[in-house]
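Quick one: sequence plus predicted model below, questions after.
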Amino acid sequence: MQGVHQVAFARRYLPPVGQLAAFEAVTRTGSTAAAARELDLTQGTVSRLVQGLEEQLGVVLFQRQRKRLRPTQAALAYAAEVRRALDILGRASLRLASDPEGGVLSLAILPTFGTHWLAPRLPGFLKAHPGVTINLATRLKPFEFEGEEFDAAIHFGSPSWPRAGHLRLFGEGVVAVASPEFLAAHPVAGAADLLALPLLTLETRPRGWAGWFAHHGVAAAVPRGMVFDQFATMMQAAIHGIGVALLPEFLAGPALAEGTLVPAHGGPVEGRHAYWLVWPEDRGDHPPLAAFRDWLRAETEGLA
């Protein structure tokens, strides 16, 4: 109950949205005239809204010098918080207007995970939750949720995303693979033989080959090879005989079954990291996210 009382107490100080919007616009544009044009109000209305906000808060927000308004340092800090709050309200209103029945889930995904693991399974989720709309966009590296419009993200690594909730999906086994023609021209008798071959590397996993060689007891320095920003491109390079690639099992599986790729040496090697669903702490109860999280938990139950 303490949290409920704290929220109620804080809302006593919540000014009208119109006052906050006028204040934020003035601090950002630098004048009541510019703010009035942006908000489609008269300059006098903007001035009255700002004065009303000062009266409600009991704080002087602007220094008035020759009809110019200069925000105080405290006002600038307050404006940054107000701007974030208005952005959140705006996005929430947009989501409701675009899908009033079920809600929208904006999800950042890793391209390979999204294409080869998530996409084939999504029809099952959408069938079970027909009112939910999912918007997908790719992100290759961690980012700040505050600066984006995502409700959640699929992340590969450790549960270290700042100010976020985490759900572990599954770990990843990687396999060293190459085309049959490439290996016929470059026979491999042991793991150390790969050190003399072109090793294809993913930009976001620069230590991938070092971990693979360590697993096989090879302590030599790993030579630098071609670097790719996505697994899909790197896999195609391996298929076309450019070198040896280290690929996740779920991605390499179909090519191995077709014979366009073959193992270069050994079987899958489990890494230290895993795939995670991550979300901002304050979005955990968003209904589309909660439904998607429960569905992912069921889909990945029992996976390593």
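Sure, I can see it.

give the contact list for the residue nearest to P111 when sequence neighbours are not counted.
Spatial nearest neighbour of P111, chain neighbours left out: T138 (4.7 Å); criterion: CB to CB, 6 or more residues apart in numbering. In this view, the C-beta of every residue, glycine as well, is placed from N, C-alpha and C. By CB atoms under 8 Å, 6 or more residues apart in numbering, the residues touching T138 are A108, I109, L110, P111, G114.

give me that answer again for 10 Å
Neighbour list for T138: A108, I109, L110, P111, T112, F113, G114, T115, I154, Q230 [criterion: CB atoms under 10 Å, 6 or more residues apart in numbering].

The second one contacts T115, doesn't it?
Yes. Applying CB atoms under 10 Å, one finds I109 in contact with T115, separated by 8.7 Å.

Mind checking which of the two has more residues around it?
Each of I109 and T115 has its neighbours counted (other CB atoms under 10 Å); I109 has more, 21 against 16.

Identify the residue nearest that one in space, chain neighbours excluded?
I154 (4.8 Å).

what do you get for F170?
Sequence neighbours aside, L303 is the residue nearest to F170 in space, at 3.7 Å (criterion: CB to CB, 6+ apart).

How much space separates the one you found from E249?
Distance, L303 to E249, using CB to CB, to the nearest Å: 11 Å.

Look at those two and report which has more neighbours.
Ranked by neighbour count (other CB under 10 Å), L303 and E249 place E249 first, with 16 against 11.

can you pull out the strands in the stretch 101-250 of the chain?
In the stretch 101-250 of the chain, the segments counted as strands under DSSP state E, counting those that start in this stretch are 104-109, 133-138, 152-157, 164-178, 199-202, 227-228, 244-248.

So which of these is nearest F292?
Across these, F292 has its closest neighbour in strand 104-109 (5.6 Å, CB to CB).

so where's this protein uncertain?
1-13, 67, 95-102, 304 (pLDDT under 70).

Centroid-wise, who is the farthest residue in it?
For the chain, the largest distance from the centre (CA atoms, centre = their mean) belongs to R66, which lies 46.8 Å off.

count of residues packed around D282?
There are 11 residues near D282, going by other CB under 10 Å.

so how far is D40 from it?
Taking CB to CB, one finds D282 at 31 Å from D40.

swap in A221?
Separation of A221 from D40 (CB to CB) stands at 64 Å.

quick one on the thing from earlier: just grab the bridge partners of the residue nearest to I109 for me.
With DSSP bridges as the criterion, I154 is bridged to L277.

Could you give the number of residues near it?
A count of nearby residues for I154, using other CB under 10 Å, gives 21.
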